[in-house]
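> need coordinates for the below:
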Amino acid sequence: MTSSATAFRSVEDRDHVRGRMAPTARSTQRVQIHEPPPFRKTLHKQSQRMRRFQQRWKSIKEDLPPQLTRRHIGMISIGGVIGTGLFVGSAQALENGGPIGALLGYMIIGSVVYCLCVSIGEMIAFMPNVGGVVGLAGLYVDEALGFSLGWSAWYNWSVTLPTEISAAILVIEFWYKDGIPTKDVIIFTSVFLSLATAINLLSSHRYGEVEFYLSSLKVVTIVVLIVAGLLIDLGAIGKQGRLGFKNWTPPFANYLGIEGAKGYFLGFWAVMMQAGFSFFGSEVPGIAAGEVIDATRNVPRALQKVWIRITLFYVGAILVGGLIVKPSDLCFQRGDSAPCPSTSPFIVAFNKAGIKVLPHVTNAAILLSAWSAAASDIYISSRFLFFLARCRHAPSFLGSLLKYPQFPSSTSVETTEDDTDDDIPSFIDIRVHYPEAVAIPVSASMPLGRRQMRGPPSNVHDLESTAETGKPWLVIPVWTVLISASVGLLAFTSSQQGATQVFKWLSSAASVASLQSWIGMLFTYIRWFKGTVYAEERNRRRGDESQEKVMSQIDLIKKNRHKGQPYLAWYAFSMCTLILLTSGWSVFINSNWHIALVDGDPPPSHAPGTFITDPVPIFLSSYIPLPIFVLLALGYKLIKQTRFIRTEDMDFSGDGAERVEVPDGEPQNLWEKFLQKIHMI
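Residues are numbered from 1 along each chain as shown. Take a look at the predicted model:
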């Protein structure tokens, strides 16, 4: 048979080989394709989905190139951990649970976050270019889960923005003896929101540089606070003398005035939700993987070192804070209208010790920390919304970018689901996978999207290559930044309701949203782990080249796997689910909740601090996100008719995964050398 006879003569002939048309009279001139085994055909379909995810993310990275280095992502992850949840929220934790209850609650949530981070790091190291954890959820669980998880994560980070701004207003009240006026609340809220938005209108690299130094300042602040607190406790500084463990009596607090073991346990359990809000942000490296250079190595590094930050910063700060102040010295939840001297246990301790300057310096550092955290909230939420738009899960205009300077660019065509073939994936070379078939040459008649998918993966973008290729140095998803920042307008409610009350409502909503995101991430990992075990058992019994390739990828996955998996993931998943379901339990105990008021009935009387004053907002912020999350997933599943990915259908061949290693840059100064020595970057 000649070469001209073996080649397909038309698009109609090619479509016949793909099984789209009935045989014709010319069918005797063609070579028939042998039907592949069912399991291989299923894996090819899954490989097609994986390549489609990767192609989509490749297109996003070409438009929004990675500009965050290892030192950026390392310090951004620290900045995500250290925020107002530590400096301000620790006062609420001490008042609810007492020194021992708060310490135990933060230690338990710290262990949950550690399990979450090692689970995310394992997945990102294997597949960094599919859209982070949200993309992995759609690829290995169900696209409906990825859709719901993406919107939940955007809501999570967006609602945290006004929470941080409200906390900043609480911090500013330290300088007002008679309470902060409404006019000043509006002014400070506007300034904080504007500055947090402005920093996000810089390039990712510039934002990373600013956040690097702000996070460095946070590290210095918390270390100074812990050391100063220990010196006060030992009597080395201040006028109180040696405190020791005097403030640990009693070790727990009577929550809502409920005495005995029941009140102690309820107070300890209330700390869990507050601790969840405090630790929220530890998973930032896994979320921002798309804009990280060499994400395969740098993201797992940042995530695996999170235990150092958890132990040193949160557990250490709560431990020292419980030693140097009594819960009764704090006024975070005080029901009267008296001005509060501070909402940070460290500043209260410095004032009691008679230290003049340190409280003001500390308060200023906490204020700057709140602004940094607010900027991080806008950054992450805007990237989530941009990714949702590029996945056609949000309005298309949100996927546009502001570029400066403008250069002529080639048109990129994104392959859609309609362009794919369910029988033979478009990216698979028939000459390799189906040697009995005659190859289809790449011609001008072939759709552009399919020709693109046959090409090799692009290299990782960095600043140098961007400059050399004439691409714009400023690339911003401006619409998503502005819309995500607009959620911060909720912080203006502080001028009417009071910053303390608004902070409690918003922090409750943010805690619920973060727990939802964590549960989705952990469930994705549990399915992922089960899929790797199944793939290893199935491919160990076979000896062909494709199975050996899968086994080599499984070995690569195991290098980044914690020895305690999957039990660590199951532990974290169970704890997050339990805390989420009981997040709003306090509104059913000693709450001033009335379905209707009857004329003539006297109002209920309770002692201050022994009942929930506003149960309805707390109930709504605690439980409304749950049905919304479920409805988003079910609605998408019904409309798109997606299917749950079975373990036998999961593909771990690693086809298309871009794992281009970029050499680590040397520390540029003494501060960076110090941070590298103590494993902070």
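
> use CA for all of it now, contacts and neighbours both
Will do.

> for the helix or strand Val533 falls within, give the mean pLDDT please.
Applying DSSP states H and E as the criterion places Val533 in helix 499-540. Average pLDDT, helix 499-540: 83.

> and what of stretch 88-96?
82.

> what residues does that stretch touch?
Here stretch 88-96 makes contact (C-alpha atoms under 8 Å, 6 or more residues apart in numbering) with 101-102, 167, 171, 253-255, 267-268, 270-271, 274-275, 278, 318, 322, 327-328, 330, 332-333, 343-345.

> for that stretch, C-alpha coordinates in PDB please.
Extracted in PDB, the C-alpha atoms of stretch 88-96 (Å, rounded to 0.1, in the frame of the first residue of the first chain):
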ATOM      1  CA  VAL A  88      -7.300  41.200  68.300                       C
ATOM      2  CA  GLY A  89      -9.200  37.800  68.200                       C
ATOM      3  CA  SER A  90      -7.000  36.400  70.900                       C
ATOM      4  CA  ALA A  91      -8.800  38.600  73.400                       C
ATOM      5  CA  GLN A  92     -12.100  37.100  72.500                       C
ATOM      6  CA  ALA A  93     -10.700  33.600  72.800                       C
ATOM      7  CA  LEU A  94      -9.200  34.300  76.300                       C
ATOM      8  CA  GLU A  95     -12.500  35.800  77.400                       C
ATOM      9  CA  ASN A  96     -14.600  32.900  76.100                       C
END
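
> numbering from 71 from now on, please.
Renumbered: residue one is now 71, and that last one reads stretch 158-166.

> residues of stretch 715-723 that come out buried?
The neighbour-count check on stretch 715-723 (16 or more other C-alpha atoms under 10 Å) flags 715, 717, 719-723 as buried.

> in a markdown table, list the residues you listed along with pLDDT, secondary structure and distance to Ala266.
Listed next are these as a markdown table, based on pLDDT from 0 to 100; DSSP: H, G, I helix; E, B strand; the rest coil; distance: C-alpha to C-alpha, whole Å:
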| residue | pLDDT | secondary structure | distance to Ala266 |
| --- | --- | --- | --- |
| Ile715 | 88 | coil | 40 |
| Thr717 | 87 | helix | 43 |
| Asp719 | 84 | helix | 44 |
| Met720 | 85 | coil | 41 |
| Asp721 | 81 | coil | 41 |
| Phe722 | 83 | coil | 40 |
| Ser723 | 76 | coil | 42 |
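
> return the member of the residues you listed nearest to Ile425.
Closest approach between these and Ile425, by C-alpha to C-alpha: Phe722, at 59.5 Å.

> quick one: the helices in the stretch 171-320 of the chain, in order.
Along the stretch 171-320 of the chain, counting by DSSP state H, counting those that start in this stretch, helices occupy 202-210, 213-242, 252-269, 274-304.

> got the angle between the last one and helix 252-269?
Okay, so that is helix 274-304. 130 degrees (axes from the mean of the first three to the mean of the last three C-alpha atoms, to 10 degrees).

> and the furthest pair within the buried residues of stretch 715-723?
Of all pairs in those, the most separated under C-alpha to C-alpha is Ile715 and Ser723 at 16.1 Å.

> adding mean pLDDT, distance to Lys710 and mean neighbour count, write the helices of the stretch 171-320 of the chain out as TSV.
Below are the helices of the stretch 171-320 of the chain laid out as TSV (pLDDT from 0 to 100; distance: least, C-alpha to C-alpha, whole Å; neighbours: other C-alpha atoms under 10 Å):
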stretch	mean pLDDT	distance to Lys710	mean neighbour count
helix 202-210	84	13	26
helix 213-242	87	8	26
helix 252-269	91	35	17
helix 274-304	85	34	19
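
> can you check which of the ones you listed gets nearest to Leu701?
The closest of the helices of the stretch 171-320 of the chain to Leu701 is helix 213-242. By C-alpha to C-alpha, the value is 8.4 Å.

> I'd like to know which elements the closest one is packed against.
Applying 3 or more C-alpha pairs under 8 Å, 6 or more residues apart in numbering; DSSP states H and E, one finds that helix 213-242 contacts helix 154-157, helix 202-210, helix 252-269, helix 428-460, helix 548-556, helix 569-610, helix 695-710.

> compare those and give me the one nearest Leu284.
helix 428-460 (6.7 Å).

> buried residues in that closest one?
The neighbour-count check on helix 428-460 (16+ other C-alpha under 10 Å) flags 428-430, 432-433, 435-460 as buried.
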